[in-house]
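> okay, predicted coordinates and the sequence, questions at the end:
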Amino acid sequence: MDNQNSIKEVGFDFDWDSKKVWVLDIPVTEMDMKELIWHFDIPFWELDDTDDYNLTPRAVIHNEQGTKEHRKKIEEADTSYPIDIMENKGKWLILDGLHRLVKLYECGDEKVKVRVIPREKIPEIAR
């Protein structure tokens, strides 16, 4: 399966605006990190100097070649903000915060603060 299809298989069927997600008044809760680390094996990112979805967070965790841009984003990520997630196709899918999740994982956190965005909010966050 190619990278675009792997993302389509797990991804949302709508585009969203992260800034619209950030302003939602949603309570923060906590969940086990293990419910979200499946994201690390999906190519949600791109290698340095490309714009294709061809880079997994796990490749960045392992400091593979071409990952320095995302490595920098992880190092600069502000983990005081929760990860925004929504249920999608039977899994929790990240709307915003994948770099923060990787940073928390690398710090050894077993729990992560999240905001569970209800699907009813899609019209409010859609582009």
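Happy to help now that I have it.
> stretch 52-59: how far from the chain's middle?
Centre-to-centre, stretch 52-59 and its host chain are 12 Å apart (C-alpha atoms, centre = their mean, to the nearest Å).
> right, I mislabeled it, should have said stretch 43-60
On C-alpha atoms, centre = their mean, the centre of stretch 43-60 falls 13 Å from the chain's centre.
> average pLDDT for that stretch, rounded please.
Stretch 43-60 carries an average pLDDT of 83.
> end to end on it, go ahead and measure it.
By C-alpha to C-alpha, to the nearest Å, the extent of stretch 43-60 from end to end equals 11 Å.
> stretch 15-31 too?
Start-to-end, stretch 15-31 (C-alpha to C-alpha) is 25 Å.
> going by neighbour count, which residues of it are buried?
16, 21 (16 or more other C-beta atoms under 10 Å). Every C-beta, even on glycine, is put in place using the N, C-alpha and C of the backbone.
> so, low pLDDT: which residues of the chain?
Within the chain, the segments meeting pLDDT under 70 span 1-7, 48-51.
> got the contact list for the residue nearest to the spatial centre of it?
Most central in the chain under C-alpha atoms, centre = their mean is L98, positioned 3.0 Å from the mean C-alpha point. Counting by C-beta atoms under 8 Å, 6 or more residues apart in numbering, L98 makes contact with 39, 44-45, 57, 83.
> same check, this time on Y105
Contact analysis of Y105 by C-beta under 8 Å, 6+ apart lists 33, 37, 40, 61.
> next, it: secondary structure please.
Using DSSP: H, G, I helix; E, B strand; the rest coil, the structure places Y105 in helix.
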